[in-house]
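1. Okay, sequence plus prediction incoming.
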Amino acid sequence: MFTLIICLLFAGLFAGMLFSVELGRRIGLGTIRRNPDGLAKGIGPVEGAVFGLLGLIIAFTFAGAESRFENRRHLITEEANAIGTAYLRIKLLPPDTQPEVRELFRRYLDTRVSAYRNVEDEATTKANLEKSTALQEEIWQKSITACERPDLPKHSGILVFTALNNMIDITNTRATATIDHPPFVILLLFFALSFISSLLVGYNMSVNNRRHWFHPVAFAAIVSLTVFVILDIEFPRRGLVRVDRADKPLLELRQSMLNSQQSNKTAP
């Protein structure tokens, strides 16, 4: 669905830019008919400013989208590290409490992986996020109960809760990163500058008696494709450019938990 939407935006921008080229050409032809001196002179600085601003907006939005894409990938790795550290520090808890907490961790990791697997299914995503929050609370409460035992060293509780706190904090950071996008007005400005630039292209090409479509089509295609790529990168769980491969650390951690569970069962 999301890919269809950005494809429609691509087609709309492309068609709109070609329409603007034709409109600019007709404005230019009308100017030539009315004015024996031809097109307006000395407008080069104005055109340069418009095209320069369009290039600046393209560079700004593309760099921002790429930066946010990389940040989301790094946050997945950070969450895997935080969960892995907290999971290892379960060994500091009393031995009889460890199996239950480890099982909660495995369930928690499953919900975290599933929550971002198919974000277009908003109901399932919301349910998994709520489930992971509930498991966080359960892990926290179980750890508190275990650390309240008088025979447990005080420093063990500090180490356990520091790791748990980091594990919980990273979930909020990831949630914020998923909704971190440039303001909608930037996209509107992008479209407006694209249409105005196309208008200027058509105006300058009106000096030719015949239509020449190669350069206008190439210009419209390049700008529209750039918008398509930027929007696709901005939503890396929905479009063609995917961040799913970055889930590998979480999946490897899940497998290591399973292997640890199997080895504990087979241990004498």
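-> Perfect, I can see it now. Model, not experiment: these values are computed from the prediction.

2. Just the helices from the protein, written as ranges.
-> 2-34, 44-88, 98-115, 122-147, 154-178, 184-205, 214-234, 248-266 (DSSP state H).

3. Make CSV out of the ones you listed and add mean neighbour count.
-> Every residue, glycine included, has its C-beta placed from N, CA and C. Supplementary listing: the helices of the chain in CSV, determined by neighbours: other CB atoms under 10 Å:
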stretch, mean neighbour count
helix 2-34, 16
helix 44-88, 16
helix 98-115, 18
helix 122-147, 15
helix 154-178, 15
helix 184-205, 18
helix 214-234, 17
helix 248-266, 13
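
4. wait, which of those helices is closest to residue 242?
-> Comparison of these against residue 242 by CB to CB identifies helix 214-234 as nearest, at 9.3 Å.

5. from the chain's centre, how far out does the closest one sit?
-> What separates the centre of helix 214-234 from the centre of its chain is 19 Å, taken as CA atoms, centre = their mean, to the nearest Å.

6. Now do it against helix 44-88, angle only.
-> Taking axes from the mean of the first three to the mean of the last three CA atoms, to 10 degrees, one finds that helix 214-234 is oriented at 20 degrees with respect to helix 44-88.

7. rewinding a little: looking at the helices of the chain, which has the lowest confidence?
-> The stretch with the lowest mean pLDDT among the helices of the chain is helix 248-266, at a mean of 79.

8. circling back: can you add distance to residue 242 and give the helices of the chain back as JSON lines?
-> Written out in JSON lines, the entries for those read as follows (distance: least, CB to CB, whole Å):
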{"stretch": "helix 2-34", "distance to residue 242": "11"}
{"stretch": "helix 44-88", "distance to residue 242": "10"}
{"stretch": "helix 98-115", "distance to residue 242": "15"}
{"stretch": "helix 122-147", "distance to residue 242": "16"}
{"stretch": "helix 154-178", "distance to residue 242": "14"}
{"stretch": "helix 184-205", "distance to residue 242": "22"}
{"stretch": "helix 214-234", "distance to residue 242": "9"}
{"stretch": "helix 248-266", "distance to residue 242": "12"}
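
9. For residue 240, find the nearest of these.
-> When the helices of the chain are ranked by proximity to residue 240 (CB to CB), helix 214-234 comes first, at 5.5 Å.

10. contacting residues for residue 234?
-> With contacts defined as CB atoms under 8 Å, 6 or more residues apart in numbering, residue 234 is in contact with 65, 68, 69, 181, 182.

11. Let's have those in a markdown table, adding distance to residue 148.
-> Listed next are the contacts of residue 234 as a markdown table, based on distance: CB to CB, whole Å:
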| residue | distance to residue 148 |
| --- | --- |
| 65 | 48 |
| 68 | 42 |
| 69 | 44 |
| 181 | 44 |
| 182 | 48 |
